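requesting a structural model of the entry that follows:
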Amino acid sequence: MTPEDADRHFGVVGVYVHIPFCARICPYCDFAVVAGKDHLAPRYIEALVAEIGGGESRRGIGAVYVGGGTPSHVEPRLLGLTLEAVERRHGIASGAEVSVEANPEDFTKDLARGLVALGFTRVSFGAQSFDPVVLGYLGRRHTPEDITRSVETARTAGFGSVSVDLIYGSPVEDPASWEDTLARAVDLGTDHVSCYALTVEQGTPLGRSVASGEAAPDPDIQADRHELAGMRLSAAGLGRYEVSNWATGGHECRYNHIVWAQGEYLGYGASAHGHLDGVRYRNLRRLDAYIAAVERGVRPLAGEELLRGWDAEIDRLFVGLRRVVGVAEGPGTAALMETEEGQLLEHAGVVSRRGDRLVIDRPLLTDMVQRAVLGLPEPWAQAAAANNVSVDA
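Below you'll find the predicted structure:
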């Protein structure tokens with residue numbers, strides 16, 4: 001994908017719908033999810049439909065992403081109601097990407113056919129690993145064979161794009177295990193692969209285990225795993241287009257591209273995030289609080305941030321630099337490269353200028369670049385400080 005094609009997603013509007021229900025919560029997960037509350041699914045979907053119908057309209061949605069949680073854990077009829085609500089309120093453009101997340105263990109032929117019939121065009125499986133030992137450590141319920149079966153089922157049912165998510169760097173994973181996982185993901189002919197390092201989040205079972213003295217993921221080993229993923233996936237014809245994402249031509253996730261291009265997307269459901277009219281917002285996280293707010297006729301807003309001027313420019317760099325194509329030069333890139341930290345990053349080969357763009361050449365150090373971006377002062381404030389002028393004057 002060319003830089004121009006990637007930046008064009010700025011003008012495409014997306015929709016994110018959060019489905020929080022799971023059969024079981026994985027020990028590393030800190031997302032807004034619930035288990036054992038399937039009886040609330042119809043009521044939650046009713047609230048979702050109401051939120052969608054009562055919000056601002058944007059015509060011609062180019063990408064819909066139904067994530068979670070485990071959307072495939074909810075009966076397709078309920079998922080269909082959310083798509084119908086999006087269509088009524090906004091209209092889904094012809095040829096739009098309509099993605100759904102699924103777990104391999106509950107992805108049956110009937111479910112796959114039902115999802116395609118509802119209009120889903122892309123499925124992303126939470127595969128995580130093809131090693132039973134790693135799957136057990138991660139608290140996953142499926143087997144490696146389930147992954148193979150689910151991908152084949154998705155193909156047969158008519159999904160136009162199939163993706164798998166992988167997690168690397170758990171203490172029980174060895175180099176051979178990760179090699180085998182990558183090889184088997186490639187052998188399945190998946191169109192898209194996401195590879196994420198296992199992270200330890202406070203408040204999760206994994207976080208508590210590590211705090212009590214159990215082994216934690218090794219950052220150096222995780223760096224090696226990421227480098228290996230890049231080599232193996234690229235050799236198999238999947239090009240990296242973002243820090244953690246690889247795809248064959250034409251199968252990059254359109255919804256993700258909208259987010260990274262600083263485009264507009266509407267977020268619906270508990271904990272959902274959105275970006276509209278220069279405002280980033282997030283919904284209430286707790287399931288009961290979200291439902292209660294919508295049922296009272298109140299917008300389920302937890303917070304929002306207005307992005308204007310310099311804040312918007314910093315935001316553009318923060319999200320856009322995750323992409324292989326980087327960002328177009330602008331006030332923010334100029335300010336970054338004028339700082340000592342920016343010059344050190346360039347001399348170390350972490351970032352570089354390519355034509356009229358700034359790109360990150362060492363994706364494992366993306367967080368370092370983003371921290372430098374967030375620390376950039378507004379140019380006028382920097383100039384005032386240099387001239388000993390109070391910024392409050």
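
now the strands for the stretch 201-350 of the chain?
239-242, 245-247, 265-268, 273-276, 279-283, 301-306, 327-328 (DSSP state E, counting those that start in this stretch).

looking at those strands, which is nearest to residue 370?
Across the strands of the stretch 201-350 of the chain, residue 370 has its closest neighbour in strand 327-328 (12.0 Å, CB to CB). (Glycine included, C-beta is placed from N, CA and C.)

which helices and strands does that closest one pack with?
helix 309-320, strand 357-360 (3 or more CB pairs under 8 Å, 6 or more residues apart in numbering; DSSP states H and E).

what is the mean pLDDT for the first one?
Think helix 309-320. Across helix 309-320, pLDDT averages out at 96.

which residues does the longest helix seen in the chain contact?
In the chain, taking DSSP state H as the definition, the longest helix is helix 219-235. With contacts defined as CB atoms under 8 Å, 6 or more residues apart in numbering, helix 219-235 is touched by 166, 168-169, 173, 175, 178-179, 182-183, 186, 193, 195, 197-198, 240, 246, 363-364.

buried ones among those residues?
Buried members of these, scored by 16 or more other CB atoms under 10 Å, are 166, 168-169, 173, 178, 182, 186, 193, 195, 197-198, 240, 246, 363-364.

mind listing which of those residues are in helices?
Residues from the buried ones among the contacts of helix 219-235 lying in helices, with DSSP H as the criterion: 178, 182, 186.

wait, which of those residues is closest to residue 312?
Checking these against residue 312 by CB to CB gives residue 182 as the nearest, at 38.1 Å.

tell me how many other residues surround the residue nearest to that closest one when sequence neighbours are not counted.
Distances taken as CB to CB, 6 or more residues apart in numbering place residue 232 nearest to residue 182, at 4.5 Å, with adjacent residues excluded. Neighbours of residue 232 under the rule other CB atoms under 10 Å: 20.

now do residue 232 against residue 217, distance only.
Distance of residue 232 to residue 217, given as CB to CB, to the nearest Å: 20 Å.

try residue 331
Note on residue 331: its distance to residue 217, by CB to CB, is 38 Å.

before we move on, what about residue 172?
Plainly put, residue 172 is 10 Å away from residue 217 if you go by CB to CB.

which of the two has more residues huddled nearby?
Counted by other CB under 10 Å, residue 172 and residue 217 do not tie: residue 217 has more neighbours, with 21 against 14.

residue contacts, the more buried one?
Applying CB under 8 Å, 6+ apart to residue 217 gives the contacts 169, 170, 171, 197, 198, 199, 200.

please enumerate the strands of the stretch 1-150 of the chain.
With strands called from DSSP E, counting those that start in this stretch, the stretch 1-150 of the chain shows them at 14-19, 21-22, 34-35, 61-68, 92-102, 122-128.

quick one: closest of those to residue 5.
Closest of the strands of the stretch 1-150 of the chain to residue 5 is strand 61-68, at 13.3 Å (criterion: CB to CB).

in its sheet, what does the closest one sit against?
Strand pairing for strand 61-68, determined by DSSP bridges: strand 14-19 (parallel), strand 92-102 (parallel).

burial-wise, tell me which of these comes out on top.
Mean neighbour count (mean count of other CB atoms under 10 Å) peaks for strand 14-19 among these, with a mean of 26.

go ahead and name everything in contact with that strand.
With CB under 8 Å, 6+ apart as the criterion, strand 14-19 contacts 32, 48, 61-71, 73-74, 79, 82, 86, 90, 254-255, 258-259, 263-274, 283.
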